[in-house]
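>>> Take this sequence and fold it.
(2 chains)
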There are 2 protein chains.
Amino acid sequence: MSRVYNFSAGPATLPEPVLQQAAEEMLDWRGTGTSVMEMSHRGKAFVSIAEQAEVDLRELLKVPDNYRVLFLQGGATAQFSAVPLNLLGSAGSADYVNTGSWSKKAIAEARKYASVNVVADGGSGDPMAIPPQSEWQRDPDAAYLHYCANETITGVEFPEIPESGDVPLVSDMSSTFLSRPLDVSRFGVIYAGAQKNFGPAGLTVVIVRDDLLDRASAQVPAIWDYQRQAGADSMLNTPATYSWYIAGLVFQWLKREGGLEAMAERNKRKADKLYAAIDGSSFYRNPVDPLARSWMNVPFVLADDQLDGTFLSEAAEAGLHTLKGHRSVGGMRASIYNAMPESGVDALIDFMADFERRHG
Amino acid sequence: MSRVYNFSAGPATLPEPVLQQAAEEMLDWRGTGTSVMEMSHRGKAFVSIAEQAEVDLRELLKVPDNYRVLFLQGGATAQFSAVPLNLLGSAGSADYVNTGSWSKKAIAEARKYASVNVVADGGSGDPMAIPPQSEWQRDPDAAYLHYCANETITGVEFPEIPESGDVPLVSDMSSTFLSRPLDVSRFGVIYAGAQKNFGPAGLTVVIVRDDLLDRASAQVPAIWDYQRQAGADSMLNTPATYSWYIAGLVFQWLKREGGLEAMAERNKRKADKLYAAIDGSSFYRNPVDPLARSWMNVPFVLADDQLDGTFLSEAAEAGLHTLKGHRSVGGMRASIYNAMPESGVDALIDFMADFERRHG
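Here you go, the predicted model:
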């Protein structure tokens, strides 16, 4: 078996020790004679797995006691519907920041249920940037303020948490979640699909401040009703048990690796060296404002896009996989989540320099 | 490693060869150097896995060409919302048969979106039975007729497909799906959560007749919009890729085992011998009308419920796990899905006879 460096934007590479443990435990979890996949979600064994995952996640993120942690199904796209259905309350409108494709999808979905006020349009232009908060046009009656912390497709990331005042701040954190410490107390709701930074597709973590649990629409589908799921420990219906278990293994791996402070250091170092390699070359280019560059998703274009195909096939031969940029952007994209080892980034940088020497 | 017989109602036992293959392929799927869990859902490798799963499922169930097969998230409970949101169209009402707990949940959820007409109440009483169709009070304007083919909690199963005339027939088949051949052409929509008979929790197969794809409400959440998901090959958002892969391995196992005809024979034999053992004893009793007895979920009570705890602990020692009945029913329940080998049912019957000799 020879593992490759997998730069996929999601589903994405997972820590090898997590996969090894999952393989070893597949037919028999700790002497129970059953796979985690086969366990009743209400049985003692799975409940212990689920609870430990929540304990570990709370410890990693230092989640305050007045927040509930939910493990739901449907990915971030489900939350695009669930957020307005849970939070609009008697207000008819909500504020959304648009910084790219995922912001736009959240906005389109929210428009099914709410009057959406787009406070600012960013994430396009060259370089792509985030409009300064001083220019945002907020609606004083908005039920909440929503933003996408990291646009996976374009690699545009908020360097800081916006200031929302008394209005609940809601964030799609899918591709930045657990990449660094986070002040959860600044938020009303945080949600993140697992398939970027902590597990298999099909699981979404939602962290909700408990005073926001009482305003759901009568039309909210039961499985996305934050209050009912909080009351049922995320088991109103059968949860995605195996994905929850894998996420728990990732949380334990993060703790062994030193937690989110250590991750932040490593992730910043990985991103800094990759951007430096790009900026130091006239052959590669990153189209994002340096103030808004993602630590997790690094898109870059070649000076001559006729070379894209050659770059991708030679990279794959060198064990550097899934570097093709999103179809809406073109070029390349290296997603370097927590589980991408620094050696993978080093190998990519070496390959890029070598490719430039041969083709530049 | 010693595997047990796991009679859990769901998540439930899976075929051991499927788990073995999953474990072996965990770190490196067929020389790709990546786990299926890490694959981009849009990459060639995963698309081939997804397509093969659909081909195999279509072959097993003989799904007609005018039906679309969707692999969605959220479980059957999600479909309790998705069905009315997709099918009500301009009609305001829908017909539901109530045969037990899962019917009731589907009805409660549908009431958020529709005027629900309960055509008949069954599944209670002693013995629990299904009201004959001649007594059903149908609404001539109903958009569809919904029933739960197999009530997992009480073990009440429809022996035949109801006749719905021109009205689309919709069925929650979660715990009977793939247990025997099925005439799909009789249905408008069939849905089934994977965690009973074909995979991990977090995946739901929805089979929709294509003329029903055009009537969704403007409020349907995007990820449950049958038409959009059909147009996107179930990849409007990131699907539950790993669960889809495991389901595909189960479909291949079913084909190797002889398909649904062979499954039906085996399942009937397993159920018949377990019911015969129960009926032949005055110590055990099954509370369901013999005409409506499930092949998949066999509840039984002991003559003296003071012995329940002893029964469960002795059974567990004998390697027969998760036999406790649902909290709403009490007693015992043996779920004997496709993946429960006949030897497991034989072992249960032997244990029951021995227990009766010692305690009866």
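>>> how far out from the middle of the chain is stretch A:13-29?
Computed by CA atoms, centre = their mean, to the nearest Å, the separation of stretch A:13-29 from the middle of its chain amounts to 22 Å.
>>> residues in contact with that stretch?
A:3, A:5-7, A:34-37, A:39, A:45, A:199, A:245-246, A:249-250, A:253, A:337-340, B:1-3, B:16, B:19-20, B:22-24, B:26-27, B:34-35, B:37-38 (CB atoms under 8 Å, 6 or more residues apart in numbering or on different chains). In this view, the C-beta of every residue, glycine as well, is placed from N, C-alpha and C.
>>> If we go by neighbour counts, what in stretch A:296-310 is buried?
For stretch A:296-310, burial by neighbour count (16 or more other CB atoms under 10 Å in any protein chain shown) applies to A:296-302, A:307-308.
>>> likewise stretch A:258-275?
Of the residues in stretch A:258-275, those buried by neighbour count under the rule 16+ other CB under 10 Å are A:259-260, A:263-264, A:266-267, A:270-271, A:274-275.
>>> Quick check: residues of the stretch 101-250 of chain A near chain B?
A:109, A:112-113, A:193, A:195, A:200-203, A:218-219, A:221-223, A:236-243, A:246 (CB under 8 Å from any CB of the partner chain).
>>> quick one: which of the residues you listed sit in strands?
A:Gly193 (DSSP state E).
>>> Give me the subset of the residues of the stretch 101-250 of chain A next to chain B that lies in helices.
Among these, the ones falling in helices (DSSP state H) are A:109, A:195, A:241-243, A:246.
>>> Pretty sure A:Met340 sits against A:Val4.
No: contact status for A:Met340 versus A:Val4: not in contact, 11.4 Å apart, counting by CB atoms under 8 Å.
>>> Neighbour count: those two, which is higher?
Neighbours around A:Met340 and A:Val4, counted as other CB atoms under 10 Å in any protein chain shown, are more numerous at A:Met340. The numbers are 23 against 18.
>>> any idea how far the more buried one is from A:Ala12?
Using CB to CB, to the nearest Å, one gets 8 Å for the distance from A:Met340 to A:Ala12.
>>> can I assume A:Ala68 sits in a strand?
Let me fix one detail, which is that residue A:68 is Arg and not Ala. Yes: inclusion of A:Arg68 in a strand is indicated when DSSP: H, G, I helix; E, B strand; the rest coil is applied.
>>> and A:Glu342, how far is that from A:Leu320?
When CB to CB is the yardstick, A:Glu342 and A:Leu320 sit 14 Å from each other.
>>> before we move on, the earlier item: would you convert the ones in helices among the residues of the stretch 101-250 of chain A next to chain B into CSV that also reports neighbour count and pLDDT?
Compiled in CSV, those are given as follows (neighbours: other CB atoms under 10 Å in any protein chain shown; pLDDT from 0 to 100):
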residue, neighbour count, pLDDT
A:Glu109, 22, 98
A:Gln195, 32, 97
A:Thr241, 25, 98
A:Tyr242, 32, 98
A:Ser243, 27, 98
A:Ile246, 25, 98
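>>> quick one: which of the residues you listed is nearest to B:Glu135?
The closest of those to B:Glu135 turns out to be A:Thr241 (CB to CB; 39.6 Å).
>>> thinking that closest one is in contact with B:Ala201, fair?
Yes: applying CB under 8 Å, one finds A:Thr241 in contact with B:Ala201, separated by 4.9 Å.
>>> shared neighbours of those two, anything?
Taking CB under 8 Å, 6+ apart as the contact rule, A:Thr241 and B:Ala201 both touch A:41, B:11, B:195.
>>> Can you name the helix or strand that the second one falls in?
Using DSSP states H and E, B:Pro11 falls within no helix or strand.
>>> can you pull the contacts of it?
Applying CB under 8 Å, 6+ apart, the residues contacting B:Pro11 are A:37-41, A:238, A:241, B:195, B:200-201.
>>> Point out where chain A drops to low pLDDT.
Counting by pLDDT under 70, chain A contains low-confidence ranges at A:1.
>>> just the helices in it please.
Chain-ordered helices for chain A, with DSSP H as the definition, fall at A:16-24, A:44-61, A:75-87, A:101-110, A:194-197, A:226-231, A:241-256, A:259-279, A:308-317, A:342-359.
>>> if you compare the ones you listed, which one is most tucked away?
Using mean count of other CB atoms under 10 Å in any protein chain shown, the stretch among the helices of chain A with the greatest mean number of neighbours is helix A:194-197 (a mean of 29).
>>> What is that helix packed up against?
Counting contacts by 3 or more CB pairs under 8 Å, 6 or more residues apart in numbering or on different chains; DSSP states H and E, the secondary-structure elements packed against helix A:194-197 are helix A:241-256.
>>> hang on, the earlier thing: ranking the contacts of B:Pro11 by neighbours, who comes first?
Ranked by the number of neighbours (other CB under 10 Å), these place B:Gln195 first, at 33 neighbours.
>>> residues contacting the residue nearest to that one when sequence neighbours are not counted?
Nearest residue to B:Gln195, sequence neighbours excluded (CB to CB, 6 or more residues apart in numbering or on different chains): B:Ala201, at 3.9 Å. Contact criterion CB under 8 Å, 6+ apart gives A:41, A:238-242, B:10-11, B:75, B:193-195, B:243 as the residues in contact with B:Ala201.
>>> Farthest pair within these?
Set against one another by CB to CB, the contacts of B:Ala201 have their most distant pair in A:His41 and B:Ser243, with a gap of 14.4 Å.
>>> ok so, going back, intersection of neighbour lists for A:Met340 and A:Val4?
Contacts common to A:Met340 and A:Val4, judged by CB under 8 Å, 6+ apart, are absent.
>>> Distance check, A:Ser171 against chain B.
Computed with CB to the nearest CB, to the nearest Å, the distance linking A:Ser171 and chain B is 18 Å.
>>> residues from the stretch 251-360 of chain A in reach of chain B?
Within the stretch 251-360 of chain A, the positions adjacent to chain B are A:319, A:321-322 by CB under 8 Å from any CB.
>>> same thing but 7 Å
Applying CB under 7 Å from any CB of the partner chain, we find that the stretch 251-360 of chain A lies next to chain B at A:Thr322.
>>> Please name the residues that touch A:Phe251.
A:Phe251 makes contact with A:53, A:56-57, A:60, according to CB atoms under 7 Å, 6 or more residues apart in numbering or on different chains.
>>> do you know how far the closest residue to A:Val205 other than its chain neighbours is from chain B?
Counting by CB to CB, 6+ apart, the nearest residue to A:Val205 once its immediate chain neighbours are dropped is A:Ala192, at 5.3 Å. Using CB to the nearest CB, A:Ala192 is found at 13 Å from chain B.
>>> Count the residues that sit near A:Ala192.
A:Ala192 is flanked by 26 other residues according to other CB under 10 Å.
>>> looking at it, it is touching A:Leu203, isn't it?
No: the pair A:Ala192 and A:Leu203 does not pass the contact test of CB atoms under 7 Å, sitting 9.5 Å apart.
>>> so who does the residue nearest to A:Val205 touch?
A:76, A:173-174, A:177, A:204-205.
>>> next one: A:Leu60
The neighbourhood of A:Leu60, defined by CB under 7 Å, 6+ apart, consists of A:178, A:251, A:254-255, A:259-260.
>>> for A:Leu307, same thing?
Contacts for A:Leu307 (CB under 7 Å, 6+ apart) come out as A:His359.
>>> A:Glu257 now?
Shown here is A:Glu257, whose contacts under the criterion CB under 7 Å, 6+ apart are A:Met263.
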